[in-house]
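Whatever this is, show me its structure:
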Amino acid sequence: MNRAARKPHPWYLPRKSSRPQRWALGIIVTLLGLALFTAYSGYKRLTTYPERPGVGSSEPITLTIPAGASFPRVLELLQEHEVIAADEAQAFKLFVLHRGAAAKVTAGKHEFRGDMTPTQILDELMRRQGAQERRVTIPEGKQSLQIAQIFAEAGLGGSEAELIAAMRDPELLARLEIPAASAEGYLFPDTYKFSTEATATQIVERMIKRHQQVFNEVRRANGEGARELLDELGWGDHQIVTMASLIEKETGQAAERPRIASVFINRLRFTSFKPKLLQTDPTIIYGCTVPVRKSEACQQFEGRIRRIHLRDPDNPYNTYTHEGLPPGPISNPGRDALAAVLAPEKTRYLYFVARNDGTHQFSKSVEEHEAAVNKYILGGAKGDGSVQK
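Residues are numbered from 1 along each chain as shown. This next block holds a predicted model:
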């Protein structure tokens, strides 16, 4: 069989070596093999990892996931409580991200074991928590810091700091049309039921809306009183709430509230009464305890009013040195105190002093008042010092 002769390589051209080509091909094949092996190993690990038991203890581990916790924080908590090992944290993170479940972790109490599989751990993290409700009663006359403490101690709304921040949140206050830098005066005292998952903002918003509901009811029932206060003193809703907060702090006797209201309003209304000082101790105490910025004298306040506090002109809430109403409410008044402002007793009283039995002696003149002070304060047990001069 005749075959075509191979054409001889020209003697004047150098012969090319095929060794580099073989090396390059070998490297490519090797790299491809490694890539395939790595991919296979990763796939194998991904498919087996979710069902691989942990190496920890089989004892129960109770872990509470805080509301709003980020997934990195959840991952830290799982390691701190030895639900997953530190060297498994990255693998668990990739597993959760692959499942698209990082945002599905539920806040609340979870039960784990150290020998659970990643799938079991994730299922527990995503377990829907049974909503629990807690009943909280806010008494009349409490100020905002006290209310924050009550809710925090009940395990609602997070920490006291979170609740106070919500009470001073300018966006929330603007949205709810509160004409102040704080929700003080608008946190209606009542008995509430809140979910244990309720946020500080949700709690504050509900209390404000409850105040608005009650205030509107009281105002509609006392429209004439509201018009008189507007015409004579220029008072709007904020001033009414502020006055109600003073009345709430001055007496726990419901029957006395309209009479206490008449004293304060008479002092501002009567042209013969000058200077128009309300002279009520609770305003001094408020100015020395609640505002962020406090006067130098208030920084020395230790729970008892001294002469330095009575004479303090730098405390804007000092009604012994500043005429008229304080800058805003000093407590959170209830329905009766709000109604007392809009429907005060028709009296000529300008003074009152504690009788030491929970009630007060009211007077129309300085002479009558001094006699009452001598009887109930100087001549008897120490009173509370309310509007004594």
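
Looking at stretch 260-276 now, give me its mean pLDDT.
What stretch 260-276 shows for mean pLDDT is 96.

who's in contact with that stretch?
Contacts with stretch 260-276, where a contact means CB atoms under 8 Å, 6 or more residues apart in numbering, come from 229, 232-233, 243, 246-247, 250-251, 277-278, 280, 323-324, 340-341, 344-352, 360, 362, 387. For the C-beta atoms, the positions are set from N, CA and C on the backbone; glycine is no exception.

Stretch 297-317 too?
281, 283-289, 291, 294-296, 318, 320-322, 326-327, 330, 385.

which ones among these are found in helices?
Assigned to helices by DSSP state H, the following of those qualify: 281, 283-289.

Just name the closest of the residues you listed to P66, please.
Within the ones in helices among the contacts of stretch 297-317, the smallest distance to P66 is 29.4 Å, found for T289 (CB to CB).

Now do the strands for this protein: every range, in order, please.
61-65, 108-112, 133-137, 191-195, 351-354, 360-363 (DSSP state E).

Single out the most deeply packed of those.
strand 351-354 (a mean of 24; mean count of other CB atoms under 10 Å).

pLDDT (mean, whole number) over that strand?
For strand 351-354, the per-residue pLDDT averages 93.

Direction included, what does that strand pair against?
With DSSP bridges as the test, strand 351-354 is paired with strand 360-363 (antiparallel).

Name the residues that touch the strand it pairs with?
Contacts of strand 360-363 (CB under 8 Å, 6+ apart): 251, 256, 259-260, 263, 347, 349-355, 369, 371-372, 375-376, 386.

hang on, the earlier thing: which one of the strands of the chain lies closest to Q239?
strand 351-354 (21.1 Å).

Restrict that closest one to CA atoms and write it as CSV.
These are the backbone C-alpha positions of strand 351-354, laid out as CSV (Å, rounded to 0.1, in the frame of the first residue of the first chain):
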residue,chain,number,x,y,z
TYR,A,351,-54.0,79.8,99.8
PHE,A,352,-54.0,76.2,101.2
VAL,A,353,-52.0,74.3,103.7
ALA,A,354,-51.9,70.6,104.6
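
Just want the most central residue of this structure.
L163 (1.5 Å; CA atoms, centre = their mean).

I'd guessed that residue sits against E153; true?
No. Contact criterion CB atoms under 8 Å: L163 and E153 do not qualify, at 10.9 Å.

Where do the domain boundaries of the protein fall?
61-125, 133-214 (automatic domain parsing).

And the shortest one, end to end?
So the one you mean is domain 61-125. The first and final residues of domain 61-125 sit 13 Å from each other (CA to CA, to the nearest Å).

for I240, what are its contacts?
219, 226, 229, 338, 341-342.

What's the separation between it and E76?
According to CB to CB, to the nearest Å, I240 stands 50 Å off from E76.

Going through the contacts of stretch 297-317, which ones are buried?
Buried by 16 or more other CB atoms under 10 Å: 281, 283-289, 291, 294-295, 318, 320-322, 326, 330, 385, out of the contacts of stretch 297-317.

for H238, what are its contacts?
H238 touches 179-180, 185, 328, counting by CB under 8 Å, 6+ apart.

change it to 6 Å
P179 (CB atoms under 6 Å, 6 or more residues apart in numbering).

what's the answer for the one 10 residues further on, then?
With contacts taken as CB under 6 Å, 6+ apart, E248 has the following neighbours: 140-141, 331, 333, 337.

Distance to L310, neighbour count and pLDDT for the residues you listed - can I get that in CSV?
Below are those laid out as CSV (distance: CB to CB, whole Å; neighbours: other CB atoms under 10 Å; pLDDT from 0 to 100):
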residue, distance to L310, neighbour count, pLDDT
E140, 26, 18, 97
G141, 22, 21, 96
S331, 20, 28, 98
P333, 25, 33, 98
A337, 25, 29, 98
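
Can you list which of the residues you listed are found in helices?
Checking the contacts of E248 against DSSP H, those in helices are A337.

okay if I get the contacts of E248 as a markdown table plus distance to E302?
Below are the contacts of E248 laid out as a markdown table (distance: CB to CB, whole Å):
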| residue | distance to E302 |
| --- | --- |
| E140 | 26 |
| G141 | 22 |
| S331 | 21 |
| P333 | 27 |
| A337 | 28 |
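
coming back round to it: what about the contacts of I240, which are in helices?
Those of these lying in helices (DSSP H): 219, 226, 229, 338, 341-342.

of these, closest to T106?
So of these, ranked by how close each gets to T106 (CB to CB), first place is L338, at 40.6 Å.

Show the backbone phi and psi for Q253.
Main-chain dihedrals, Q253, degrees, to the nearest 10: phi -90, psi 110.

Number of residues surrounding it?
When counting by other CB atoms under 10 Å, one arrives at 12 neighbours for Q253.

Tell me the spacing between it and I247.
11 Å.

do G236 as well
If you go by CB to CB, the gap between G236 and I247 works out to 18 Å.

now Q300
The value you get for Q300 to I247, if CB to CB is used, is 28 Å.

And those two? Which one has more around it.
Taking neighbours as other CB under 10 Å, Q300 and I247 compare with I247 leading, 26 against 13.

Contact partners for that one?
257, 260-261, 337, 340.

circling back to that earlier point, looking at the ones in helices among the contacts of stretch 297-317, spot the one nearest S57.
T289 (48.9 Å).

give me the low-pLDDT residue ranges for the protein?
1-20, 23-24, 26, 29-30, 33-47, 131, 379-389 (pLDDT under 70).

For R355, grab phi and psi.
Dihedral angles (degrees, to the nearest 10) for R355: phi -90, psi 0.
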